[in-house]
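Q: How does the following fold in three dimensions:
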Amino acid sequence: MIKKTIYLLGILLFCATATQAQSWRKLRNQAEDSFEAGNYTEAAKLYEQAWRKKNKKTELIYKAGEAYDLLRDYPNAAKAFANVKDETDDFPLAGLYYARNLKQSNDYDQAIRAFNEFLDTYTGEDKSLLERIVQIEIEGTQLAKVAAANADQSVEMIHLGGGVNTAANDFAPELAPDGSLLYSSAVGGTTRIYQSELMGESWSKGELPSNFPLINNGQFANPSLSPDGQRMYFTVCEEGSFGDLKTRCEIYVITLDGVVWSQPRRLPDAINAAGVTNTHPFVTQRSNTEFLYFASNRSGNGAQGGLDIYYATRNVNLPGAAFSQPINLGAPVNTNGDEVTPYYDAEEGRLYFSSNNHPSLGGFDILVSEGNFTNWTQPVNLGMPYNSSADDYHYSEYETGGFLSSNRIFGGEKLSTLDDDIFEFIAEESKDISYQGTVIDASNGEPVNYYTVTLYEITESGQQIQVEMQAVKEGTQGFRFAVLPNRQFRIDVDVPGFLPESQGFNTFDKAGDIFAQAIIVEPENTGPPTTGGNNTTVPPDNSGNTNNSDNTTDNTNIETSTPGEPYVMTGMAPFDQAEYRTSAPKYEGTYYKVQLVAVKKFDENNPQFQQLATVGDIETEYLTERGITRVLLAAFLSPEAAKQAQAQARDMGFVNAFIVKYENGRRYGMVKLR
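A: Below you'll find the predicted structure:
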């Protein structure tokens, strides 16, 4: 046994020495072959080895980064791209890839800095487009920083275990009418549809469904059963690497004749547009109409770019009826990124899907939008635990829970992000919540027509995230928002000719409809503005002079706190009542600050904050219960000065900066200044 061990060690040492002896060119050639064959693990290592031998050849470490990125090995991808992120002539998008992989490695603060640095140095003709993409990425990163604190604690996430999940990609789960689980797996190197049975509290080892037809060419995945269980739609994709969104797939259907499935039938060209990918079918039914939702990267007919979600219909009462011409769901669901894995709840009128171009906690996140056909509300991110810093998709539901697939790390059950696994989520209580109300004219008590109402989610750190905006024409109908449980919200009402109004509410321990108190709006005062009193006094600016604007007086503000001495306060707004500790100056009267961000650890030497020193003072508020620090730009005597500072902060990368009102040193929450 000892001799055998020595012999094996000798072989390993010989192989290692042989690898070291290879020239960088040979390593590069081997890496290229591995990359072309889809063996990204081997390719990444070989490219990195070649670069270490010839580090002037930075294209080698860039290719290693690409391979790590395809593997979804986020930390190693970030390390590789870090070596070339500043070489903007040769690798103009390396800085973007670097920032994205930092984000998916949970390094949120560094990711935000990297996104901003990329924008500062990028000079391509498509910069305006990339600016919008980066703004969405930053917004998602800021959302991710507070996602854990806002996670829905009523939802339990369960890893399905070794019967279903393997070291390969396991994805696209759907609960069949008989209680079995249909899903897809690349175990063995070829992607197939499998079926598993629930045995007690665990799922059995997946097997090919009984009586499933033989498919000789291509890989098949993404099953979707019709509500009656008589038809199964799925995709057949090219041989080779499966799972890349660029892999070309087409949609097929089989029908159940007794207990035997028919041979697969390719759907017509209207669905399977030539030369493009058509994938992720989901089928549902309402009355006599069958709806087929799917993702496609076809062009024309309303295509937004990348993979978009489409739908087509057929009459189930007409034998052999073909699907209609597909229709693009349009904005705001589809973007110029990729929207995939649709799941439509026909009863509730809710579309669940995943996207990499809406604000996300990582790469692909699961979102929900209400509506039908091509009329949809602004999608809402489901947050944690449904989403993570990794990729999350293939959402589906049953009565008290559902399934999804994700490459997230999960306790001791899933240790890397290199493959997708299937998860089940169970909700303690199903809560369908809507918030609705009317807007009333204070002068006559009648409902107001023609106004907009905007819904914001309020995180525990006080961050305001715009969720949806509605335009109301008929005041008697009022407004209605679908909202998620266990959250805090605020709505802003903007009526032409009236003063703006807000109302806060939460969805803790609530279900069903929440009826807002009538929101009373006051007509604007058309006479001359009034002045005087504490409401018009403000703190001095950095030079010691009093800042003035058209709607303020020249009164000198009175500071009521000892300079530099910490004190504890509590917010006064209904949606902003957290206790905080600060040493910021406290003044009599009304004034404003601009909240930049809320962070776990505040670094006063951060250059992002220092660059705002010419705009105002950087102040902090430490939330004593949450251990989070608000970072604010202060202080501003007038709405105009505050709005100007907010605009400058957003231009400098703090895209979610918002204005906060203070009275006599106490915080009164976010305000929308006109």
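
Q: which sections of this protein are below the confidence cut-off?
A: For the chain, the stretches with pLDDT under 70 are 1-21, 240-246, 429-432, 460-463, 509-517, 524-564, 574-576, 655-656, 674.

Q: And the helices in it?
A: In the chain, the helices defined using DSSP state H lie at 2-21, 24-36, 40-53, 58-71, 74-82, 94-104, 108-121, 127-145, 607-610, 639-651.

Q: most packed of these?
A: Greatest average neighbour count among the helices of the chain goes to helix 94-104 (a mean of 26), per mean count of other C-beta atoms under 10 Å. All C-beta atoms are positioned from the backbone trio N, CA, C, and that covers glycine.

Q: Can you name every helix or strand that it contacts?
A: Where contact means 3 or more C-beta pairs under 8 Å, 6 or more residues apart in numbering; DSSP states H and E, helix 94-104 is packed against helix 58-71, helix 74-82, helix 108-121, helix 127-145.

Q: In JSON lines, list the helices of the chain along with distance to T459.
A: As requested, the helices of the chain are exported to JSON lines (distance: least, C-beta to C-beta, whole Å):
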{"stretch": "helix 2-21", "distance to T459": "50"}
{"stretch": "helix 24-36", "distance to T459": "42"}
{"stretch": "helix 40-53", "distance to T459": "37"}
{"stretch": "helix 58-71", "distance to T459": "30"}
{"stretch": "helix 74-82", "distance to T459": "24"}
{"stretch": "helix 94-104", "distance to T459": "18"}
{"stretch": "helix 108-121", "distance to T459": "14"}
{"stretch": "helix 127-145", "distance to T459": "8"}
{"stretch": "helix 607-610", "distance to T459": "20"}
{"stretch": "helix 639-651", "distance to T459": "18"}
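
Q: Out of the ones you listed, which gets nearest to V493?
A: Among the helices of the chain, helix 639-651 comes nearest to V493, with 17.9 Å by C-beta to C-beta.

Q: how near is the closest residue to G161 other than its chain neighbours to G163?
A: With sequence-adjacent residues excluded and distances taken as C-beta to C-beta, 6 or more residues apart in numbering, G161 is closest to S202, at 5.9 Å. Taking C-beta to C-beta, to the nearest Å as the measure, S202 falls 6 Å from G163.

Q: more crowded one of these two?
A: More neighbours surround G163 than the other of S202 and G163, with 16 against 12 (other C-beta atoms under 10 Å).

Q: Now do the contacts for that one.
A: Residues near G163 by C-beta atoms under 8 Å, 6 or more residues apart in numbering: S196, S202, W203, S204, K205, G206.

Q: again with T190
A: Residues in contact with T190, defined by C-beta under 8 Å, 6+ apart, are Q219.

Q: mind pulling up the phi and psi values for it?
A: T190 adopts backbone torsions of phi -130, psi 130, taken as degrees, to the nearest 10.

Q: Please point out which parts of stretch 301-309 sit buried.
A: Under the neighbour-count criterion of 16 or more other C-beta atoms under 10 Å, stretch 301-309 has A303, Q304, G306, L307, D308, I309 buried.

Q: Not counting its own residues, what contacts it?
A: Stretch 301-309 is contacted from outside by 245, 277, 279, 293-298, 326-331, 333-340, 342, 351, 353, 357, using C-beta under 8 Å, 6+ apart.

Q: How is this structure divided into domains?
A: Following automatic domain parsing, one gets these domains for the chain: 2-145, 158-426, 433-521, 534-670.

Q: Any figure for the gap between Q577 and G571?
A: Distance of Q577 to G571, given as C-beta to C-beta: 5 Å.
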